[in-house]
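Asks: Predicted structure and sequence below. I'll ask about it afterward.
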Amino acid sequence: MLQISGAPSSSLSTTQIRGIIAAIAAITAVGLSLSASLPLLALTLEYRGVGDTWIGINTAFAGVASIVATPVGPYLARKLGTPQALLISLLIAGVTLPFFFVLENFWAWFPLRLLFHGATTSAFIISEFWINALAPSKHRGFLMGVYATVLALGFTSGPLVLAVAGTTGALPFLLAGAGIIIAALPVLIGFKAAPRIENEATSKLYTFLWIAPAATMAGFTFGAVEQSAISLLPLFGLKVGLTPQAATLLVSAMAAGNMVLQIPLGMLSDRMNRRHLLIYCGAFGLLASLLMIPLSSSFYGICLLLFLWGGVVAGLYTIGLTHLGARFEGANLASANAAFVLMYSIGQLVGPASTGFALSTWGATGLPLLFAGFLGAYVIICLIRGTRLGSAP
């Protein structure tokens, strides 16, 4: 059996606070630069005359890189130390990014994607382990909610870099790469506050899919739904009769809910059974997905619904990570975090492809119906697993 335990203390020490702030600051800087680089890379390929299909294939390769790199983060953290592993990941990502501008050969972008997205994946795994390991059980949900909120702000602010630096030339690549390297500063500040991994995990990474399915499948479900919504909600808006400008605001409504509701949901998870709360979030997301169909005729109605839907469904990520932190520690927690990110990455690959097919086949209703399908399947899996576990947390 895996060790099940909470954080070492119910209150935050000065060292814990410094370490948590360092990890959150570092990964927020990565998120900001990453959200600037993703559209920048797609636009650069388009400027260079690469076709839409190949741009899509190269972009999807980022998900492949994330899946391949998932076991690397915990391994490096155990072998080198948590802050050392995070610094290496940040350095590789920051140095690699400008080479997308330097190397004009399209095929060279595939190994670059492996390096860049593999390194950023490792950075996310190590940072989330860092925060989870230091957070006391009494405040773990709140702190993960703060992490999710600040990270969402970073992702939202990323495109502002492109607005200032433009989307052509070397400058935006250098700025985004520098943003990732600058993330090393808070890591150095919190270097001595980082958690250590003393031993190897007692179970292999994939076994956490069976040990903690409510959490790991939450990662898959949120990855599939979030990526599909970001990519295809504007198309859904056009199909229900909205103007292009109004259709893009649907994503903004969803993102606003994500930012506003994570701290309240995290605090709620500190006061109730987290597995139950994950089921409630999935069930609400299922119902709200179905309500998108009748409410699509009202712009303000669909925006309000997407605000609530986006925030509650994003709770799958926040509460899922919190649930893992409450159950595991040390190397097991690092591996559980890696399994969570692995499932999130697979969801990001599966979601947009299947949702795009649903939109093509069933029209506007295809998007909410597929969202309902993902969320409904998640709820069923949790209920079945919960029946076998009884009252386990």
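Replies: Happy to help now that I have it.
Asks: From the chain's centroid, how far away is the helix or strand hosting Ala336?
Replies: In this structure, Ala336 sits in helix 330-362 according to DSSP states H and E. How far helix 330-362 lies from its chain's middle: 9 Å, per Cα atoms, centre = their mean, to the nearest Å.
Asks: Please apply the same query to stretch 269-276.
Replies: 21 Å.
Asks: Same check on stretch 132-139?
Replies: How far stretch 132-139 lies from its chain's middle: 20 Å, per Cα atoms, centre = their mean.
Asks: What of stretch 158-173?
Replies: With Cα atoms, centre = their mean, you get 23 Å for stretch 158-173.
Asks: Can you give me the buried ones in the helix holding Ala336?
Replies: Within helix 330-362, the residues that count as buried by 16 or more other Cβ atoms under 10 Å are 330-352, 354-356, 358-359. All C-beta spots, glycine's among them, are computed from the backbone N, C-alpha and C.
Asks: other SSEs contacting it?
Replies: If you count contacts as 3 or more Cβ pairs under 8 Å, 6 or more residues apart in numbering; DSSP states H and E, helix 330-362 packs onto helix 52-69, helix 72-80, helix 109-134, helix 208-211, helix 213-239, helix 299-327, helix 366-389.
Asks: Ala62 is in contact with Phe110, correct?
Replies: No - when contacts are counted by Cβ atoms under 8 Å, Phe110 is not listed as touching Ala62 (10.3 Å).
Asks: Same drill for the two, tell me which one is more crowded.
Replies: Ala62 (22 against 13; other Cβ atoms under 10 Å).
Asks: got the contact list for that one?
Replies: 38, 113, 116-117 (Cβ atoms under 8 Å, 6 or more residues apart in numbering).
Asks: From those residues, pick the one nearest Met254.
Replies: Nearest to Met254 among the contacts of Ala62, counting by Cβ to Cβ, is Leu38 at 17.3 Å.
Asks: which element is the closest one on?
Replies: Going by DSSP H and E, Leu38 is in helix 14-47.
Asks: quick one: least confident of the contacts of Ala62?
Replies: Lowest pLDDT within the contacts of Ala62 is found at Leu38 (76).
Asks: Tell me, how many residues neighbour that residue?
Replies: 17.
Asks: What of Met292?
Replies: 24.
Asks: try the one 5 residues further on
Replies: Burial of Ser297, expressed as a neighbour count using other Cβ under 10 Å, amounts to 10.
Asks: per-residue confidence at the nearest residue to it once chain neighbours are set aside?
Replies: Once flanking residues are discounted, Ser297 sits nearest to Val240: 7.2 Å by Cβ to Cβ, 6 or more residues apart in numbering. pLDDT for Val240: 91.
Asks: hang on, the earlier thing: which stretch among the helices and strands packed on helix 330-362 comes nearest Gly257?
Replies: helix 299-327 (3.3 Å).
Asks: What residue spans form the domains of the chain?
Replies: With domains defined by automatic domain parsing, the chain comprises 14-193, 205-389.
Asks: Asn199: which of the ones you listed is closest?
Replies: The nearest among these, by Cβ to Cβ, is domain 205-389 at 5.5 Å.
Asks: How far away from the center of its chain is that closest one?
Replies: Distance, stretch centre to chain centre, for domain 205-389: 11 Å (Cα atoms, centre = their mean).
Asks: what's the spacing between the nearest residue to Cys281 once chain neighbours are set aside and Tyr280?
Replies: Distances taken as Cβ to Cβ, 6+ apart put Gly315 closest to Cys281, at 4.6 Å, once the chain neighbours are dropped. In this view, Gly315 and Tyr280 are 9 Å apart by Cβ to Cβ, to the nearest Å.
Asks: and the helix or strand that contains Ala253 with helix 299-327, angle?
Replies: Following DSSP H and E, one finds Ala253 within helix 244-269. Calculated by axes from the mean of the first three to the mean of the last three Cα atoms, to 10 degrees, helix 244-269 forms an angle of 30 degrees with helix 299-327.
Asks: Can you mark which positions in helix 244-269 are buried?
Replies: Applying 16+ other Cβ under 10 Å to helix 244-269 flags 247, 249-251, 253-259, 261-263, 265-266, 268-269 as buried.
Asks: re the thing from before, between Gly315 and Tyr280, which one's more packed in?
Replies: Legend: neighbour count by other Cβ under 10 Å for Gly315 and Tyr280, higher for Gly315 (32 against 17).
Asks: Measure how buried the nearest residue to Ala377 once chain neighbours are set aside is and give me the count.
Replies: Nearest non-adjacent residue to Ala377, counting by Cβ to Cβ, 6+ apart: Thr221, 7.8 Å away. Per other Cβ under 10 Å, the neighbour tally for Thr221 reads 31.
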